[in-house]
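# turn this into a model:
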Amino acid sequence: MDLKGCNLDTFPPLGARLHTSVTSINLEDNALTVITKKKLAGLSSLTYLTLWNNKIKSIEDNSFSHLIALTGLDIGFNQLTSISKEMFSGLRNLNHLTLWNNKIKSIEDGSFSHLVALTGLDIGSNQLTSISKGMFSGIHNLTYLSLWNIRIKSVEDNLFSHLIALKKLNLGDNLLTSISKRMFFGLRNLTYLTLLNNKIKSIEDYSLSHLIALTGLDIGFNQLTSISKEMFSGLRKLNHLTLWNNNIKSIEDDSFSHLIALTELNLGSNQFTSIIKGMFYGLPNLTLLNIINNKIKSIEADSFIHLIALTELDLTGNPLTEIGAKAFAASWYPHGIKLILDQNFLCCSRVLYNELSFVNGNCTFEGNLEIFNDSFQTKCPTPCKPEST
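The predicted structure follows:
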């Protein structure tokens, strides 16, 4: 039943026949302010209810207790300020609950404990400022949890340890400043974690080692200044790592050597000034490496020698003036590699020529190495020729 945008300020009467037969009700974009138990009584066949974008300020305890078949409930974009323990009582078949973008400041411990079938919970864009372990008690089947933009500054140790089925956790756009060793303890099935856009300055060594199933990790837009050798220890299944837009100036040798399954690494918009030989050791499956918009002036010889699976290396927007001998030796990449050198200070006549028998420019060269350079530097002819000395 679609009642979207009908300017309703109260739950409409449905009649006895509809009460027992209707399976879906869409009340988006109306003016409802209160939900009561009486208004929802008798909707025994209802499986989906959306109350998105109303003006709901209060929901009477046990209001949904008659909705025994309900699997999806969306109360996003409303004006709720608190969640009580009995608000969702009776919803034993509910799979997905959305409370996104209300004004929620408090959630009573055990408020979701009735939701034994719940797999997805979104309470992002609220005003909680803190979360407790009891807040998520009883929801052992939860696989997705969004805590995006709820203004939290810290997460207590072991808070998520009972969420053993959790696969995706969104902690982006908060005020976290550090990651402690037991913050994510117990999340053995987690496959994706985003910490995007916090204020993280430090990650304690081995903090992520409990996340043995993790395949995607986003720590972009934070305030890290360095990467230590054990920061990513234990993440043997990680495929994608994003460290975009931090303040990283140094990476300890072998910092990525634990990441044997990594295929994509994004280190763009940081503060590197050089690439050294041990920086990317131990990444046998890496195919894409993004180091754009740093402050890299030089690349040491053999810096990428271990990246045997690499297919694309983007060095756009760096003030490169020197590349060490054999830094990009084509013999290492029989499958072919795309090297992007836009916006740099490399001299066309001397870059790469000695090791690959060609220079940079808008040319395709021998050795299966294709170089893209649309910078303001001198363009090379095709085929490229060295200047006489």
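# all helices of the chain, in order?
15-21, 37-40, 353-356 (DSSP state H).
# quick one: mean pLDDT over the last one.
Computed over helix 353-356, the mean pLDDT rounds to 38.
# equivalent analysis for the first one, please.
Mean pLDDT, taken over the full extent of helix 15-21, equals 65.
# and for stretch 290-303?
91.
# quick one: buried residues of that stretch?
290, 291, 292, 293, 294, 296, 297, 298, 299, 300, 302, 303 (16 or more other Cβ atoms under 10 Å). C-beta coordinates here come from the backbone N, C-alpha and C atoms, glycine included.
# how about stretch 256-274?
256-259, 261-270, 272, 274.
# end-to-end on that stretch?
Across stretch 256-274, the terminal residues are separated by 17 Å (Cα to Cα, to the nearest Å).
# ok, now stretch 40-58?
14 Å.
# go on, stretch 245-252?
Across stretch 245-252, first to last residue, Cα to Cα, it's 18 Å.
# can you check stretch 300-319 too?
Terminal-residue distance, stretch 300-319 (Cα to Cα): 15 Å.
# off-centre distance for it?
Remark: stretch 300-319 is offset 24 Å from the chain centroid, using Cα atoms, centre = their mean, to the nearest Å.
# start the count at 3, not 1, going forward
Sure, I'll start counting at 3 from here, so that last one is stretch 302-321.
# buried ones in it?
Applying 16+ other Cβ under 10 Å to stretch 302-321 flags 302, 304-306, 308-309, 311-312, 315-320 as buried.
# again, but for stretch 94-103
96, 97, 98, 99, 100, 101, 102, 103.
# what's the most distant pair in the residues you listed?
97 and 103 (20.5 Å; Cβ to Cβ).
# and the buried residues of stretch 258-276, which is closest to residue 212?
Once Cβ to Cβ is applied, the member of the buried residues of stretch 258-276 that ends up nearest residue 212 is residue 260, at 13.6 Å.
# so that closest one makes contact with residue 230?
No - using Cβ atoms under 8 Å, residue 260 makes no contact with residue 230, being 11.7 Å away.
# pLDDT below threshold where in the protein?
16-21, 326-338, 347-391 (pLDDT under 70).
# against residue 61, how distant is residue 85?
From residue 85 over to residue 61 the distance is 9 Å, taken as Cβ to Cβ, to the nearest Å.
# er, residue 208 I mean
42 Å.
# compare the two (neighbour count), which wins?
For residue 208 versus residue 61, neighbours defined as other Cβ atoms under 10 Å are more numerous around residue 61 (21 against 14).
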